[in-house]
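> Mind looking at a prediction? Sequence and model below.
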Amino acid sequence: MTETETTPAGGFEETYREYRLALVRLAFLMCGSRDLSEDLVQSVFTSAHPRWHEIENHPAYLRRAVVNLAKDGQRRHFRRLRLAPPLARERVTLVPEIDETWALVQRLPAAQRAVVVLHYYEDLSLVEVANILNRPASTVRSDLRRALDRLRKALT
Amino acid sequence: MTNTQLTEPELDQRLRTTLRAVAATVADEPTAAPQRRRPGRRVMIGLGAVAIAVPLAAGAFYGVGPEYVDKLPPDNVIVAGSIGGSRYWVFESSRTDECGKPVPGVELGVEEHNLLGQEWNTSGHSYGEPRPYGRGGRLGRCGNDVSEALADPALSYSSGTFVGDAFVRVFAVHPDITAVRLTIDGATQDVGVHRVDGAGYSVVEVPPDSTQFTVELLIDGEVVPDSEETRAMPDPSPGG
């Protein structure tokens, strides 16, 4: 899924079948919870359904909606920690090197994590990332630099 | 012994490998069709319990608790929206009325009124006239009478609430209705209808700068005679 791809002519169900898994994976990298990721993607499709024929580029629209909803959800989750017990972080057991890196990515602030995921997982340029996050490219570049500095120090 | 930092290409590669490996752990498990949410239904309580009240139609109700918000978005969402950063969901009702019957229809929950760990705070929307329960309805409601509503497709039941500065209104309509046409300042939009418990439910968003809006009910693109209804934008201030 890239921002510049051509608009598919697919209908709602076809697009759902084709992109649901990719969007759930993207949401999981953003929020770290499988259940929340499923809900989030369902919510995005539900929200898009009434306006389906007005949306020009369905994959790009859906990805943008997932990223922003996940980012907002993460902010709200931290605000609510004082109201409800924190959710257990879901463990992903892979090789130690990957586990360690994933744990560090999960601790990044929401904005930095979004930039890292979109740049390294979705292979988007920083200009495309800035476009999706609706933030200046200079801010996105700065977020990425801070995230990499933080990860590099922790991974020594 | 000294620790060495990863070079930039090494860190890039580590991140790409990690994110792809972690993403691949999310297996393709297509979600099942939405299940009816009947267990653990919440008890509906009388009007006036919530500060966000807007004049209600006969089939509408407000509900608070006693169950607690454990998950957002809630289950069985039929419409999700966001206005100025405020999210809301319209979902299948899980409430019971005062005589223990499931209340048909949907509930509208606004995120800022439903924080995790707090009691649910929603407005409910139902098709038909509530049957009074107890002498003169003193004990509340018990089921809905839909006989009059089913005889007239132009009849709808609607009420709403503010989400941010905008107004979200939910329409409960005849099962034959296929869309609701919203007209604001000459601009027209047809909004789809969702089937819940045999009736239709449609959700319209009225922008904050609107003074009034008009709604018509449609069956297969044709306006149902006598269904046009023009309403003024409610006053968002308390008691307005």
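All right, it came through fine. Numbers count the residues shown, from 1 in each chain, chains lettered A, B, ... in the order given.
> C-terminal to the helix or strand bottoming out on mean pLDDT in chain A, which secondary structure element comes first?
When the helices and strands of chain A are scored by mean pLDDT, DSSP states H and E, helix A:58-80 comes last with a mean of 72. As assigned by DSSP states H and E, the chain's next helix or strand after helix A:58-80 is helix A:96-106.
> interface residues of chain B facing chain A?
B:3-6, B:8, B:11-12, B:14-26, B:28, B:30-31, B:71, B:73, B:77-82, B:85, B:87, B:89, B:115-118, B:191-192 (CB under 8 Å from any CB of the partner chain). Every C-beta, even on glycine, is put in place using the N, C-alpha and C of the backbone.
> Next, count neighbours for B:Asp209.
By other CB atoms under 10 Å in any protein chain shown, the residues close to B:Asp209 number 10.
> SS state for it?
coil (DSSP: H, G, I helix; E, B strand; the rest coil).
> what's the answer for A:Asp123, then?
Put simply, A:Asp123 is coil when judged by three-state DSSP.
> can you pull out the helices in chain B?
Secondary structure of chain B, counting by DSSP state H: helices at B:8-24, B:147-150.
> Below-threshold pLDDT in chain B: ranges please.
B:1-3, B:28-67, B:98, B:133-141, B:235-240 (pLDDT under 70).
> got a list of what the residue lying closest to B:Tyr127 once chain neighbours are set aside touches?
Spatially, and ignoring its direct neighbours in sequence, B:Tyr127 is nearest to B:Ala199 (3.6 Å; CB to CB, 6 or more residues apart in numbering or on different chains). Residues counted as contacts of B:Ala199 (CB atoms under 8 Å, 6 or more residues apart in numbering or on different chains) are B:Pro104, B:Gly105, B:Tyr127, B:Gly128, B:Val146, B:Ala172, B:Val173, B:His174, B:Pro175.
> Same question for B:Ile177.
Counted by CB under 8 Å, 6+ apart, B:Ile177 has contacts B:Pro153, B:Ser156, B:Val193, B:Gly200, B:Ser202, B:Leu217, B:Leu218, B:Ile219, B:Val224.
> circling back: which of the contacts of B:Ala199 has the most neighbours?
Ranked by neighbours (other CB under 10 Å), those are led by B:Ala172, which has 30 neighbours.
> If it is in a bridge, with which residues?
Note on B:Ala172: beta-bridge partners by DSSP bridges are B:Tyr157, B:Tyr201.
> re earlier: for A:His49, state which of the contacts of B:Ala199 is nearest.
Using CB to CB, B:Val173 comes nearest to A:His49 of the contacts of B:Ala199, at 18.0 Å.
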